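> Need the 3D shape of this:
(one chain, ligands or ions: 2)
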Amino acid sequence: MKKILFAASEGVPFIKTGGLADVIGSLPKCIDKRYFDVRVVMPKYACMRQEMKDKMQYVTHFYMDFNYKSEYVGVLTAEVSGITFYFIDNEFYFNGGRPYSDDGLWEITKFAFFCKALLSILPTVDFRPDLIHCHDWQTGLVPVYLKERFQGGEFYRGIKTVMTIHNLKFQGKWDVKTVKHITGLPDYFFTPDKLECYKDANMLKGGLVYADAITTVSATYAEEIKTDFYGEGLNGLLCARSGSLRGIVNGIDYEEYNPETDRFLPYRYNAINFRKEKIKNKRALQKELGLEEDDRKFMIGVVSRLTDQKGFDLVAYMMDELCGDAIQLVVLGTGEEQYENMFRHYDWKYAGKVSANIYYSEEMSHKIYAGCDAFLMPSLFEPCGLSQLIALHYGTVPIVRETGGLRDTVEPYNEYESTGTGFSFSNYNAHEMLSAIRYAERIYYDKKREWNKIIDRAMAKDFSWHVSAEKYQEMYDWLIG
Ligand code: ADP
Ligand code: GLC
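Ligands and ions are numbered 1, 2, ... in the order given. So this is what the prediction gives:
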């Protein structure tokens, strides 16, 4: 039995801010239990729901030297769907109303603590992983610490590491002197071939240098990040390590996201009866959100973090023109204030047509995935994207920009060959986006049969973890030997 430890800063059902949590909550369940014992470690945040904290059991605690102090490290555990989770408890570091704050230095200190602590707990929980699978910058120091101080002891020797990039934009950067002080790592590590990056210390870079293998969450993003435009300053390193870098596309949890069994939907449906049943969700949503109650109206959904990454400057630029069309737009999201306010403004200006829901809600997200006709995701960059996968599975036709995982998972509609599962545009340009939306509108209004066939094809696609979990397994086997 090969032992794998997932290390991450968030995971469903305990805490979620985005797609990373979905991946951490669903991929381990789909790794073959006959050959792999996969467990997960994450922080225990004060902001986790009480119901989730109640599931955790105390294992042990000890004190660990960190940042010139002796720090409390508590260990808790819980089992969900057959997967063992470990939680690192320290109320000083993992406090606050959200898992992440805007204070860069605090984030670095907190997650450096997490990296060191998660390695330290392993002997006490009696789990010696053959491989630690690290996710995003918050766990970037794990391969580094493992190389450094933990190699001395027999227990840690030979543990392999994988670094998965979910989002290259966030790297955990601060000045070298401070990071040296916090992490306790010697000078040796702070050179441009190791943690140093344009004069700063960079936690993700540390992970990318020292991990035995690097993956990211789609084949296209794996190529894109080797270029200047998408590389976020690390493209040189990623090119140099391209032999160890591969893209494995994400899947979604088919137990969580299934229109046939979804507990949040007023009307459930499937690939056979969607023509009659899906529309009932649209009616219910129009009523609930105070939109004009009209079966025919082309309803576009957005469920997203409201950030630059997701292409909302294109949407802002086109809002008035778009709202001149016979459409309805339903937005669910939180994030940058400019976008939150932009959608609030249009909700006011086009009452009955635009609905801005500036909050986080699992339930509302499912209702939108089910109730809308189309789903808009014009991302500037998109490592994978799970929202378009969910939309496809709910027969809600994605309109996307051809980048990263969007390019790999949405096949553009071709009316001559009657193929494709969505609509797309290539350049990051507001007019191109509007043309793609209008093309979708035309097919929806004028060629309903064709539209329904797009839905048939979308719902027939398999975006479960099935295929990708096997690719991770192959990689684990290859690395562990
Ligand atoms: P990212 O990880 O970049 O945010 P993904 O498409 O990979 O993008 O994943 C986003 C996940 O977060 C999806 O499961 C989506 O439904 C969910 N989500 C985003 N915003 C909200 C919100 N306001 N309420 C509920 N779910 C949300
Ligand atoms: C990141 C990316 C998103 C991806 C998710 C899970 O948040 O922005 O594209 O789907 O991670 O891998």
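
> burial count for the closest residue to ligand 2 within the chain?
Nearest residue of the chain to ligand 2 (C-beta to the nearest ligand atom) works out as G19 at 2.9 Å. The C-beta positions use only the backbone N, C-alpha and C, and glycine is treated the same way. Neighbour count of G19, defined by other C-beta atoms under 10 Å: 23.

> Please name the spatially closest residue to it (chain neighbours excluded).
With C-beta to C-beta, 6 or more residues apart in numbering as the criterion, G19 has its nearest non-adjacent residue at 4.4 Å, and that residue is L386.

> Hmm, M64 is touching V75, no?
No - look at M64 against V75 with C-beta atoms under 8 Å: they stay out of range, at 11.3 Å.

> more neighbours, the two?
Ranked by neighbour count (other C-beta under 10 Å), M64 and V75 place V75 first, with 24 against 16.

> Am I right that that one sits in a strand?
Yes - looking at V75 with DSSP: H, G, I helix; E, B strand; the rest coil, it is inside a strand.

> Could you list which residues are in contact with it?
Y58, V59, T60, H61, Y86, F87, I88, D89, I121, T124, V125 (C-beta atoms under 8 Å, 6 or more residues apart in numbering).

> Please, which helix or strand holds the fourth one?
Secondary structure assignment for H61, by DSSP states H and E: strand 57-66.

> Give the pairing partners of that strand; include direction for each.
strand 69-80 (antiparallel) (DSSP bridges).

> Give the next helix or strand downstream of the partner strand.
Downstream of strand 69-80, the next assigned helix or strand under DSSP H and E is strand 83-89.

> Mind checking the pLDDT average for the helix or strand that that following strand is followed by?
Next in sequence after strand 83-89, counting helices and strands by DSSP H and E, comes helix 104-120. In this model, helix 104-120 has a mean pLDDT of 98.

> Check the contact between V80 and K55; I expect there is one.
Yes - contact status for V80 versus K55: in contact at 7.3 Å, counting by C-beta under 8 Å.

> which residues does the nearest residue to I368 once chain neighbours are set aside contact?
With C-beta to C-beta, 6+ apart as the criterion, I368 has its nearest non-adjacent residue at 4.4 Å, and that residue is G301. The neighbours of G301, taking C-beta under 8 Å, 6+ apart as the test, are 329-332, 368-369, 371-372, 374-376, 391, 396.

> just to revisit the earlier point, selection in ChimeraX covering whichever of the contacts of V75 are buried, please.
Buried residues among these (16 or more other C-beta atoms under 10 Å), as a ChimeraX selection:
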select :59,86,87,88,89,121
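
> Now distance to K471 too, for the contacts of V75, in JSON lines please.
As requested, the contacts of V75 are exported to JSON lines (distance: C-beta to C-beta, whole Å):
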{"residue": "Y58", "distance to K471": "37"}
{"residue": "V59", "distance to K471": "32"}
{"residue": "T60", "distance to K471": "35"}
{"residue": "H61", "distance to K471": "38"}
{"residue": "Y86", "distance to K471": "25"}
{"residue": "F87", "distance to K471": "28"}
{"residue": "I88", "distance to K471": "29"}
{"residue": "D89", "distance to K471": "34"}
{"residue": "I121", "distance to K471": "29"}
{"residue": "T124", "distance to K471": "33"}
{"residue": "V125", "distance to K471": "28"}
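
> out of the contacts of V75, who's nearest G324?
Distance to G324, by C-beta to C-beta, is smallest for F87 among the contacts of V75, at 50.9 Å.

> pLDDT score for the residue nearest to the closest one when sequence neighbours are not counted?
The spatial neighbour of F87 that comes closest, neighbours along the chain excluded (C-beta to C-beta, 6+ apart), is K44 at 3.8 Å. Reported pLDDT at K44 in the predicted model: 98.

> Also E154?
At E154, pLDDT is 87.

> That one: neighbouring residues, count only.
8.

> Report the secondary structure state of it.
E154 is classified as coil under three-state DSSP.

> L118 versus that one, what's the distance?
19 Å (C-beta to C-beta, to the nearest Å).

> which non-adjacent residue is nearest I455?
G395 (4.3 Å).

> wait, doesn't N452 sit right on I272?
No - judged on C-beta under 8 Å, N452 makes no contact with I272 at a distance of 11.9 Å.

> higher neighbour count, these two?
N452 (14 against 11).

> That one in helix, strand or coil?
Counting by three-state DSSP, the backbone at N452 sits in helix.

> For it, which non-adjacent residue is closest in space?
Distances taken as C-beta to C-beta, 6+ apart put R275 closest to N452, at 6.2 Å, once the chain neighbours are dropped.

> Check what pLDDT the one you found gets.
97.

> before we move on, back to that, can you dump the C-alpha coordinates of the strand holding H61 into PDB?
Provided in PDB are the C-alpha atoms of strand 57-66 (Å, rounded to 0.1, in the frame of the first residue of the first chain):
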ATOM      1  CA  GLN A  57     -11.100  14.600  17.200                       C
ATOM      2  CA  TYR A  58      -8.100  15.600  19.200                       C
ATOM      3  CA  VAL A  59      -5.000  13.400  18.500                       C
ATOM      4  CA  THR A  60      -2.100  15.100  20.300                       C
ATOM      5  CA  HIS A  61      -0.100  18.300  20.700                       C
ATOM      6  CA  PHE A  62       3.500  19.400  21.100                       C
ATOM      7  CA  TYR A  63       5.600  22.400  20.800                       C
ATOM      8  CA  MET A  64       7.700  23.300  17.800                       C
ATOM      9  CA  ASP A  65      10.500  25.900  17.300                       C
ATOM     10  CA  PHE A  66       9.400  28.400  14.700                       C
END
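
> any idea how far Y444 is from Y45?
In terms of C-beta to C-beta, Y45 sits 42 Å off from Y444.

> repeat for D193
54 Å.

> Could you do P259 as well?
19 Å.

> on that earlier part again, next up, identify which helix or strand the residue nearest to N452 is on.
Here R275 sits within helix 274-289, counting by DSSP H and E.

> Which strand residues bridge the spatially closest residue to Y359 that is not a sequence neighbour?
Distance criterion C-beta to C-beta, 6+ apart; nearest residue to Y359, sequence neighbours excluded, is T334 at 6.4 Å. For T334, the beta-bridge partners are R305 (DSSP bridges).

> what sits against T334?
Going by C-beta under 8 Å, 6+ apart, T334 touches R305, L306, E340, I358, Y359, Y360.

> can you pull the contacts of P259?
Applying C-beta under 8 Å, 6+ apart, one finds that P259 lies in contact with L265, R268, Y269, N270, F274, K278, A370, H393, Y394, G395.

> Kindly report the same for M203.
I108, F111, A112, W137, Q138, G140, L141, Q171, G172, K173, V179, L195.

> So which of those residues are in helices?
Mapping the contacts of M203 onto helices (DSSP state H) picks out I108, F111, A112, L141, V179.
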